[in-house]
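> for reference, the sequence and a predicted model appear below.
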Amino acid sequence: MFDFAIQEIDGEARMRDLDIAMALEFERPRKIRELIVRRSAELGELGEVRPTAGRTSAQGGAPSEEYWLNEKQALFICTKSETKMALDITIQMIEVFSAWRHGQLVPRSTAGPSEVGQRDVIIAAIEDVNFDRMMTLMREARVTHGKSAAQRLWLQAGLPLPDAEAVEAEQAQKGELALFLRDYCICTGDAAKFTRTAELLVAYKHWCKAVTRAPLSDGTFAHRLPSLAKTYLDPATGFGFTKHKASVSGYLGVVVDPFVMAA
């Protein structure tokens, strides 16, 4: 049975959002906050819903916003989570809240900052490991099977997908370099991946030939790309890329799609 923490707020028993998410075995516990925001109108009918500043971890840093849900709200979110643990956790929640009402559960309103901070550190570590693993899988799927396979994995992971039409319209306004990046490159989100400007220039000229466009001069290409890197987002992955400041001109977080270059 999951060890739920009950905190008494204004005489009402409440559970913390991240504790509920961990019990439900969310791969990324903080995703529960997106569910809470989406269902805020319905939750508001069951009691006050407002984010509060969470305690900082032992390492410090700015506190994040968290939600403490009352009994009805917690049970509602649990049933709407659509996880395999939803039914079991709903039953456990009912038992915990019942024990609190009958004085059989000590409210943890005096939980120390170190205890809450340690739990946040554990949650962050779980999210980082899972997210890195998923990013690796998506990059491998993208290189091996193309953009559509990576996009399916992205959706299955529950990650927010940019509005493709909105992103594409925005990129079109930025000129042909944005179109080249969309068609011939992949923004991976891997800041350690370095691609030389010269390699991107070769791919750009390949793209111009494929779409029968007159290419920009080498100098114009090298001048415009850093500016685009500040705002560009890959419609397929949602990631951008950055200019690498080094003796060799290049960029981080972007690679040339091997499929289109081989075509």
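Yep, it's here. None of these values were measured; they are calculated from a predicted model.

> got the domain ranges for the protein?
Listed domain ranges for the chain are 6-108, 162-262 (source: automatic domain parsing).

> those into a markdown table, with extra columns for mean pLDDT and mean neighbour count?
All C-beta spots, glycine's among them, are computed from the backbone N, C-alpha and C. What follows is these, written out as a markdown table (pLDDT from 0 to 100; neighbours: other C-beta atoms under 10 Å):
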| stretch | mean pLDDT | mean neighbour count |
| --- | --- | --- |
| domain 6-108 | 80 | 16 |
| domain 162-262 | 82 | 16 |
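
> so where does residue 69 fall, helix or strand?
Counting by DSSP states H and E, the element that carries residue 69 is strand 68-70.

> just checking: what are the partner strands of that strand?
With DSSP bridges as the test, strand 68-70 is paired with strand 12-16 (antiparallel).

> can you dump the C-alpha atoms of the partner strand in PDB for me?
The C-alpha trace of strand 12-16 is given here as PDB (Å, rounded to 0.1, in the frame of the first residue of the first chain):
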ATOM      1  CA  GLU A  12      -9.600  19.800   5.700                       C
ATOM      2  CA  ALA A  13      -7.600  16.700   4.800                       C
ATOM      3  CA  ARG A  14      -5.600  17.000   1.600                       C
ATOM      4  CA  MET A  15      -3.100  15.000  -0.500                       C
ATOM      5  CA  ARG A  16      -0.200  16.300  -2.500                       C
END
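
> just checking, residue 261 touches residue 204?
No. Shown here, residue 261 and residue 204 do not form a contact pair, counting by C-beta atoms under 8 Å, at 11.2 Å.

> what is in contact with those two at once?
Applying C-beta atoms under 8 Å, 6 or more residues apart in numbering, one finds that residue 261 and residue 204 are jointly contacted by residue 184.
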